[in-house]
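Asker: sharing a model that was predicted from the sequence below.
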Amino acid sequence: VNDQPLQLAAGAGDRIEVTCRINRRARRVGLRIDNATGKAVLVLPSRRALDEGLRFAEAQIEWLRSRLAAVGEPRPFRAGSSFPLEGRTVRIVRGPVTQRNVLLYGSLLFVPPNGDLAARLRRWLRQRSLQRLEARVARHAAVCGVRVGRIGVRDPRTRWGSCTREGDLSFSWRLVLAPPAVLDYVAAHEVAHRRHLNHGPAFWALVERLRPDYETQRDWLRLEGPSLHRYV
Ligand SMILES: [Zn+2]
């Protein structure tokens, strides 16, 4: 039973997957959303509580549906699905491009017909993200009169950017999914760390000089940032 995925009928042929987890310290059955996976977890005090747990989960189906929608279920990159690119919604279409590259045409994103679509798309997004970040970092560094080292993109769970003492900058490639002003704010933030390796008043004053509306972008990241992690 433990860690076993169960399908709950959610009406109209719709199904919601719930993972069972036995926790002997739990006093009663309970439902929660795992923020890391975006999935529903049914907690049971013992194996015998499975029937009761399933009845409970089925009675809570509307609550589950609304919670899952708020947290955001994982959204795999696949043909026909949509995701935000630089803040605009684009739809993934397989082909008809014959070259090896991904092609953006209006709101359609053409991906070559063969191979691993998700892997190819992630590579393309990383590259695009790196290009955008390099351009913005170069501009902010020129304004501040600071030198930066290497710039890299990764996929960290919680941080959007970081700056080493040596001046190397690292960013989340997922910033390319956010509106350009948000990506630009993170670039400005890390460049400002080349002057101030802290978050003191002088640091924020410099960020504001580079990006006067930085508070709006910072709030956007706090609110909407976690949802960018559901695109896989
Ligand atoms: Zn910082």
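Answerer: Here it is on my side, so go on. On a predicted model such as this, the values are computed, not experimentally measured, just so you know.

Asker: how far does stretch 217-232 sit from the chain's center?
Answerer: Relative to its parent chain, stretch 217-232 has a centroid offset of 6 Å by Cα atoms, centre = their mean, to the nearest Å.

Asker: which residues outside that stretch are in contact with it?
Answerer: By Cβ atoms under 8 Å, 6 or more residues apart in numbering, the residues outside stretch 217-232 that reach it are 35, 38, 72-77, 83-84, 118, 157, 160, 174, 177-179, 181-182, 184-186, 211. For glycine as for every other residue, the C-beta is placed from the backbone atoms N, C-alpha and C.

Asker: how about it: buried residues?
Answerer: For stretch 217-232, the neighbour count (16 or more other Cβ atoms under 10 Å) marks 217, 218, 220, 221, 225, 228, 229, 231 as buried.

Asker: ok, back up a step: if any of the contacts of stretch 217-232 are buried, put those into a ChimeraX selection.
Answerer: Those of the contacts of stretch 217-232 that count as buried under 16+ other Cβ under 10 Å are selected in ChimeraX with:
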select :38,72,77,83,84,160,174,177,178,179,182,184,185,186,211
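
Asker: number of nearby residues for the nearest residue to residue 63 once chain neighbours are set aside?
Answerer: Spatial nearest neighbour of residue 63, excluding adjacent residues (Cβ to Cβ, 6 or more residues apart in numbering): residue 31 at 7.7 Å. Neighbourhood size, residue 31 [other Cβ atoms under 10 Å]: 17.

Asker: just to revisit the earlier point, of the buried residues of stretch 217-232, which belong to strands?
Answerer: Per DSSP state E, strands hold no members of the buried residues of stretch 217-232.
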